[in-house]
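Enquirer: take a look and give me a structure for this.
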Amino acid sequence: MRGKQSKKRKIKEEGVYKSLVASKFINKLMKSGKKMLAEKIFYKSMDILKKDLKGDPLVILEKSLENIRPKLEVRARRVGGVNYQIPLPIPENRQIAVAIKWIIKGAKERRKDKEFYVALAEELKDAYKKMGFAYRKKEETHKMAEANKAFAHFQW
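Expert: Residues are numbered from 1 along each chain as shown. Purely as a prediction, here's the structure:
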């Protein structure tokens, strides 16, 4: 490792649900420092989830993220002039960050002529039901790791 490691910043819980996961999700949604807009989008999509799935939206959000969190990923490692894709376990905080990123990306691709909060709610519903863009992305990542597990001995 080169240089100093940056200090881990504390994230404040957001206002309505008092949840760190929701706060992280809002921060990932935010563009150009427009946090109020990100909060509006998040809360509107949570309202849609509450109506459609008739449950606590925070529980639905956490279950959706649990269904999408990748346990393994492949990293490139150069050994003897050849690049190998080496499967490595992912730390828990990165699992959540990657899952949130995939859900937002899936919602962006899904958004055609509808509002973004509707697309986000649909992507979260699909993640809850183990389908959709983000779930496929997780499955692809795990298949890649499975296919390259012969190179696992290169990790150090």
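
Enquirer: list the buried residues for the strand or helix carrying residue 104?
Expert: For residue 104, the host element (DSSP states H and E) is helix 92-110. Across helix 92-110, burial judged by 16 or more other C-beta atoms under 10 Å covers 95-96, 98-100, 102-104, 106-107, 110. Every residue, glycine included, has its C-beta placed from N, CA and C.

Enquirer: stretch 139-150 too?
Expert: 141-142, 144-145, 148.

Enquirer: who touches that stretch?
Expert: Stretch 139-150 is touched from outside by 70-74, 84-87, with contacts defined as C-beta atoms under 8 Å, 6 or more residues apart in numbering.

Enquirer: rewinding a little: quick check, nearest of the buried residues of helix 92-110 to residue 63?
Expert: Nearest to residue 63 among these, counting by C-beta to C-beta, is residue 99 at 11.5 Å.

Enquirer: got the contact list for that closest one?
Expert: 65, 68-70, 134, 138.

Enquirer: okay, now the nearest residue to it once chain neighbours are set aside: neighbour count?
Expert: Beyond its immediate neighbours in the sequence, the residue positioned closest to residue 99 (C-beta to C-beta, 6 or more residues apart in numbering) is residue 68, lying 4.2 Å away. When neighbours are defined as other C-beta atoms under 10 Å, residue 68 has 30 of them.
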